[in-house]
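J.: with the sequence up front, the predicted model follows.
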Amino acid sequence: MRHRSLALVLSLMLIALSALPTAGAQAAAAKPILYNGIITMNYSTSTTTVYAEMDLLSKKLTTYRPGRKIQITAVYPGWVEIVYGDSVGYVLRHRVDKVTPIDSVNTPPYGVEVYTYWAQITRDTPILKDPEEGGEVLSLLTEGAKIAIIGMENGYAKLVYHRMYGYVDSRLLDEIRPVAGDPDWGDAETPLAVFCSFYSNNENRINNLVVACERLMRTMKPGEMLYFNESVGPFNKSTGYLPAPILVDGTTKQGYGGGSCQISSTLYNTVLQLPGITINERHPHGANGAAYLPHGTDASSGDLNFRMTNSYSFPIRIEASCHDFCLFMAIYRADEGGAAVAAKK
């Protein structure tokens, strides 16, 4: 009888324990679902792998067929985190399609990162793979480069480097300047939005980036539309452009103005942060996009066009610069600024 009572107690304990959420379930429950989506139909003959970590060499949890519905809990430059059973898994971003927010009012559009600071480099400054001292160096910046900063992590300035995050030791930054965050607080020195992207060491391509930056910079009146190709082009020898690799449907070819798409794409990522800018036309570089940006945030130029309209009630100013393989873009109010105007009333 005693053994039967003990067995009954143990059985009840096991039932109670099995009812408790696992660590994985607790981890999944702690993260709200931000978006619904599906596994893309662009690869209709292949399945999509769900990984245990954001690493192609990590454990493969399962595979999903095209069209499989998924729930997204976090978005990274090259990956999305999804609900997988009682835990989470990771899928490459180019394998995800038809993403819609659960709460369109409080959730930013899919793939949009809001940058809160920017800084100008004044000394040799490495971009690190992880926010820790002595980590792997992704790139080296020197005096004069400008970077856009998402926020701070462990004392490091966080930014997007190609399709991953990079980190800069904030102790190497003499001055970290704010982004307005609200149109009313923008002025001639405080940008409404910033973004930076990185490029390779190709002399002709760098020349084209510099030329395109110079031709892009302008002030736009309320209601004015920017036609990128007409403003930054034509892309030929007479306007200062040189032959360089051009990305077309995932493959490269030589052409005058190669690299100009990085200008339109960096501009696109900047204006994505601004609800007062209307995107009238934008085309990706094929299904996988441009590898120097988070997936799904590139904008073709040349054969295709990028168009945007200043839908704010005030003029805006576009500034762009290239330095140390870093392309920096900023958009400012071109009047006195909302706070200054309100103070005069």
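T.: Sure thing, it's come through.

J.: in the stretch 201-345 of the chain, where is pLDDT below threshold?
T.: 248-251, 337-345 (pLDDT under 70).

J.: how about the strands in the stretch 201-345 of the chain?
T.: 218-220, 225-227, 243-248, 251-256, 277-281, 307-310, 316-323, 326-333 (DSSP state E, counting those that start in this stretch).

J.: now the fourth one and strand 243-248, what's the angle there?
T.: Which is strand 251-256. 140 degrees (axes from the mean of the first three to the mean of the last three CA atoms, to 10 degrees).

J.: what helices or strands is strand 251-256 leaning on?
T.: With contacts taken as 3 or more CB pairs under 8 Å, 6 or more residues apart in numbering; DSSP states H and E, strand 251-256 sits against strand 243-248. Using the backbone N, CA and C atoms, a C-beta is placed for each residue, glycine as well.

J.: what does the strand it packs on rub up against?
T.: 202, 204-205, 207-208, 252-259, 261, 285-286, 290, 302-303 (CB atoms under 8 Å, 6 or more residues apart in numbering).

J.: what strands flank it, and is each parallel or antiparallel?
T.: For strand 243-248, the pairing partners within the sheet under DSSP bridges are strand 251-256 (antiparallel).

J.: and the helices in the stretch 1-150 of the chain, which stretches?
T.: Remark: helices assigned in the stretch 1-150 of the chain by DSSP state H, counting those that start in this stretch are 2-19, 23-30.

J.: least confident of the ones you listed, on average?
T.: Among these, helix 2-19 carries the lowest mean pLDDT, at a mean of 38.

J.: so which of the strands of the stretch 201-345 of the chain is nearest K146?
T.: strand 326-333 (3.9 Å; CB to CB).

J.: quick one: the closest one to chain centroid distance?
T.: Computed by CA atoms, centre = their mean, to the nearest Å, the chain-centroid distance of strand 326-333 equals 15 Å.

J.: same deal with stretch 31-45?
T.: Using CA atoms, centre = their mean, the offset of stretch 31-45 from its chain centre is 18 Å.

J.: who touches that stretch?
T.: Looking at what lies outside stretch 31-45 - CB under 8 Å, 6+ apart - the contacts are 48, 64-75, 80-81, 83, 88, 91, 94-102, 107, 110, 287.

J.: which of these count as buried?
T.: Taking 16 or more other CB atoms under 10 Å as the criterion, what is buried in the contacts of stretch 31-45 is 48, 64, 66, 70-73, 75, 80-81, 83, 88, 91, 94-97, 99, 101, 110.

J.: out of the strands of the stretch 201-345 of the chain, which is closest to P183?
T.: strand 326-333 (7.1 Å).

J.: what packs against that closest one?
T.: strand 146-149, strand 193-198, helix 260-271, strand 316-323.

J.: now tabulate these in TSV and tack on distance to E336 and mean neighbour count.
T.: Listed next are the helices and strands packed on strand 326-333 as TSV, based on distance: least, CB to CB, whole Å; neighbours: other CB atoms under 10 Å:
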stretch	distance to E336	mean neighbour count
strand 146-149	24	25
strand 193-198	19	24
helix 260-271	22	26
strand 316-323	13	20
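
J.: need the ones you listed in TSV (columns: distance to S170).
T.: Below are the helices and strands packed on strand 326-333 laid out as TSV (distance: least, CB to CB, whole Å):
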stretch	distance to S170
strand 146-149	9
strand 193-198	16
helix 260-271	22
strand 316-323	20
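
J.: what's the closest of these to E230?
T.: helix 260-271 (12.1 Å).

J.: what sits up against that closest one?
T.: 113, 193-197, 199, 208-209, 212-213, 216, 228, 232-233, 235, 241, 246-247, 277, 279, 282, 285, 290, 292-293, 297-302, 306, 308, 318, 320, 327, 329-331.

J.: the inter-axis angle of that helix versus strand 326-333?
T.: Using the same axes, to 10 degrees: helix 260-271 against strand 326-333 is 40 degrees.
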